[in-house]
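1. Could you work out the structure for the sequence below:
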Amino acid sequence: YRDPDGTEVTVAYNNNSTATTFTTTWDGAGSFTYTLPAGATVTFTKGAANGSTQIVGQGSGRCVDDTGNPADGVQQYLWDCTSGNADQTYQYAPGGQLEIGGKCLGAAGNGTANGTKVITWDCNGTASQQWTFHADGAITSNLSGRCLDATGDGTADGTPLQLWSCTGDSNQAWTATPGI
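-> The predicted structure follows:
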């Protein structure tokens, strides 16, 4: 559905008895994959402005941030959210990538182990740069299945981000805030 102001809204209901994974493609702003639990409903909204999003930690209230330096190999961290901050503005891209500053969010060295740094790197379409958003707020790497994690249950500015086995803790729960 497209609101009169250009905002796109997608509502999905899973009437199956098991979780269902699907891909949503925004008009001109990429796509993402989401797993919806059985019997659940979810609403996604993409603002008319540019299809960008801030990724906010549910445990910290802080945003995923590229430290002001989207160069190859820069580890992402938490920082106070600021509306319109380019260091916190991610774009959904075709194939499930999260792009920022012309780079993609990914696993350092295509790593799959606990503690692998989450970094920016030239977009290359590999599974280490593809992410799945889950109904419980988890964001998982398509390569490893591990969760985007604020290191050490951290909530402070500057807490580095890594991949870690999914635990359901609040340091692994995220909200994508579209339309900034």
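2. Residue 163 in helix, strand or coil?
-> Of the three states, residue 163 takes strand under DSSP: H, G, I helix; E, B strand; the rest coil.
3. For residue 140, which non-adjacent residue is spatially closest?
-> Spatial nearest neighbour of residue 140, chain neighbours left out: residue 132 (5.1 Å); criterion: Cβ to Cβ, 6 or more residues apart in numbering. To be clear about C-beta, it is placed using only N, CA and C from the backbone, and glycine gets the same treatment.
4. Just confirm that neighbour contacts residue 33, I think it does.
-> Yes. Counting by Cβ atoms under 8 Å, residue 33 is a contact partner of residue 132 at 4.7 Å.
5. Which neighbours do these two have in common?
-> Taking Cβ atoms under 8 Å, 6 or more residues apart in numbering as the criterion, residue 132 and residue 33 both touch 21, 96.
6. returning to that earlier point: got a list of contacts for the helix or strand hosting the residue nearest to residue 140?
-> Residue 132 belongs to strand 131-134 when assigned by DSSP states H and E. Outside of strand 131-134, the residues within contact range by Cβ under 8 Å, 6+ apart are 21, 32-35, 96-98, 105, 139-142, 148, 174, 176.
7. Which PyMOL command selects the buried ones in the residues you listed?
-> Per 16 or more other Cβ atoms under 10 Å, the buried members of those correspond to this PyMOL selection:
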select buried, resi 32+33+34+35+96+97+98+105+139+140+141+142+148+174+176
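8. just checking, which of the contacts of strand 131-134 belong to strands?
-> Mapping those onto strands (DSSP state E) picks out 21, 32-35, 98, 105, 139-141, 148, 174, 176.
9. Return the member of the residues you listed nearest to residue 65.
-> residue 105 (11.3 Å; Cβ to Cβ).
10. can you pull up the bridge partners for the closest one?
-> Taking DSSP bridges, one finds residue 120 as the beta-bridge partners of residue 105.
11. Could you tell me which residues make contact with it?
-> So residue 105 contacts 64, 76, 90, 97, 98, 99, 118, 119, 120, 129, 131 (Cβ under 8 Å, 6+ apart).
12. Now render those as JSON lines, adding distance to residue 13 and pLDDT.
-> Output for the contacts of residue 105, formatted as JSON lines (distance: Cβ to Cβ, whole Å; pLDDT from 0 to 100):
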{"residue": "64", "distance to residue 13": "29", "pLDDT": "95"}
{"residue": "76", "distance to residue 13": "33", "pLDDT": "96"}
{"residue": "90", "distance to residue 13": "27", "pLDDT": "87"}
{"residue": "97", "distance to residue 13": "27", "pLDDT": "86"}
{"residue": "98", "distance to residue 13": "26", "pLDDT": "89"}
{"residue": "99", "distance to residue 13": "29", "pLDDT": "89"}
{"residue": "118", "distance to residue 13": "32", "pLDDT": "98"}
{"residue": "119", "distance to residue 13": "36", "pLDDT": "97"}
{"residue": "120", "distance to residue 13": "35", "pLDDT": "95"}
{"residue": "129", "distance to residue 13": "30", "pLDDT": "94"}
{"residue": "131", "distance to residue 13": "23", "pLDDT": "90"}
